[in-house]
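In: Predicted coordinates and the sequence they were generated for:
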Amino acid sequence: MNATAVGALLLCRAEPSAVRSPAQLLREPQLLVPAGAEWSALVPEGAAWDDGEPVDRVVAGWAVALAVAVGLGRPVLALWWDTERVGFTLASGFRRPVGYVWLADGTPAGEDEAITTFAARLGLDPVIDVQALAPLTRENPDADGADRLRGLLAVLSRAGLELPPGLVPGRTPARLHAVAAARGAQTVEWAGWRDAVRTELHAVEESFDHWLREPRDRTGPKVLGAAQIAVGVPLTIWALRGGRSAGRSGWAVAGAVLTAQGLLLCRCSRSSPRV
């Protein structure tokens with residue numbers, strides 16, 4: 001592994017068309033490429049951690065924000081690496097993110113149960129895939145940190161993940177950007193809060209309209225909306241009180257999106273027809 005490399009990849013279990021608009025909320029220039037069946041990969045520019053903020057903290061906030069904005073059932077996996085450590089953070093819905101860390105030389109430095117939780121949240125096989133992941137938590141002098149992340153990706157290939165050739169952990173953001181650009185990646189840039197919020201609320205309205213066409217309990221949106229507001233408001237306040245760091249901004253985005261979605265769901269539930 002390149003000892004001077006600091007970088008990250010964001011892998012979303014959703015098509016690029018579903019990821020593009022939510023990714024703009026991160027306010028980080030990125031490239032977006034398909035990464036297999038129902039997977040997308042985001043390649044950050046890397047400036048967010050140039051000021052010294054730990055890359056793992058930055059991408060953890062981004063992963064949570066994306067998982068909230070893209071929607072339930074579409075987890076986001078952040079892979080990251082710096083000069084001393086490598087690791088991953090998996091965000092999915094309202095659940096607390098789960099992650100694992102290795103030293104740069106590949107020495108395991110995380111908790112074994114995190115791997116089991118990781119597999120369960122991605123719907124991996126509880127026997128075959130968990131057994132394949134288990135060696136990643138054991139000592140192996142022949143595997144460095146980048147090898148550990150590649151081993152993780154190899155198991156995820158069974159779930160449809162297929163990164164473009166050359167888009168591999170351990171490389172610099174500049175190199176990853178060059179690889180993604182050569183594969184015809186889409187550019188994701190900040191378009192301003194007005195357009196971002198309008199797009200996100202439109203997505204919620206479409207989801208609600210689809211929900212209305214299904215025969216089910218109509219109290220669902222109101223309950224979900226109240227839960228989103230209860231989580232979103234304090235999360236936003238906590239993130240904003242922490243300053244303007246890139247890591248906190250991701251959490252602030254997650255809180256703001258949750259609150260907006262919750263308010264819209266509550267409003268729609270009041271105006272929906274009774275059946």
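Out: Yep, that arrived.
In: where in the stretch 1-150 of the chain is pLDDT low?
Out: Counting by pLDDT under 70, the stretch 1-150 of the chain has low-confidence residues at 1-4.
In: Tell me where it has helices.
Out: In the stretch 1-150 of the chain, the helices defined using DSSP state H, counting those that start in this stretch lie at 16-24, 55-70, 112-121, 128-133, 145-156.
In: Which of these has the highest mean neighbour count?
Out: Greatest average neighbour count among those goes to helix 55-70 (a mean of 27), per mean count of other C-beta atoms under 10 Å. C-beta coordinates here come from the backbone N, C-alpha and C atoms, glycine included.
In: Isn't residue 40 up against residue 33?
Out: Yes. Between residue 40 and residue 33 there is a contact under C-beta atoms under 8 Å: 7.0 Å.
In: Just tell me which of the helices of the stretch 1-150 of the chain ends up closest to residue 167.
Out: Checking the helices of the stretch 1-150 of the chain against residue 167 by C-beta to C-beta gives helix 145-156 as the closest, at 9.9 Å.
In: before we move on, the earlier item: now for residue 40 and residue 33: what residues contact both?
Out: Both residue 40 and residue 33 are in contact with residue 16, where contact means C-beta atoms under 8 Å, 6 or more residues apart in numbering.
In: Give me the more crowded residue out of these two.
Out: Between residue 40 and residue 33, counted using other C-beta atoms under 10 Å, residue 40 has the larger neighbour count: 26 against 20.
In: quick one: contacts for that one?
Out: Listed by C-beta under 8 Å, 6+ apart, the contact partners of residue 40 are 11-12, 14-16, 18-19, 32-34.
In: Please convert the residues you listed to CSV, extending it with distance to residue 56.
Out: Converted to CSV, the contacts of residue 40 look like this (distance: C-beta to C-beta, whole Å):
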residue, distance to residue 56
11, 15
12, 18
14, 23
15, 27
16, 25
18, 25
19, 21
32, 22
33, 23
34, 26
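In: Pick out whichever of the residues you listed sits closest to residue 177.
Out: Nearest member of these to residue 177, counting by C-beta to C-beta, is residue 33, at 10.8 Å.
In: Okay then, goodbye and thanks.
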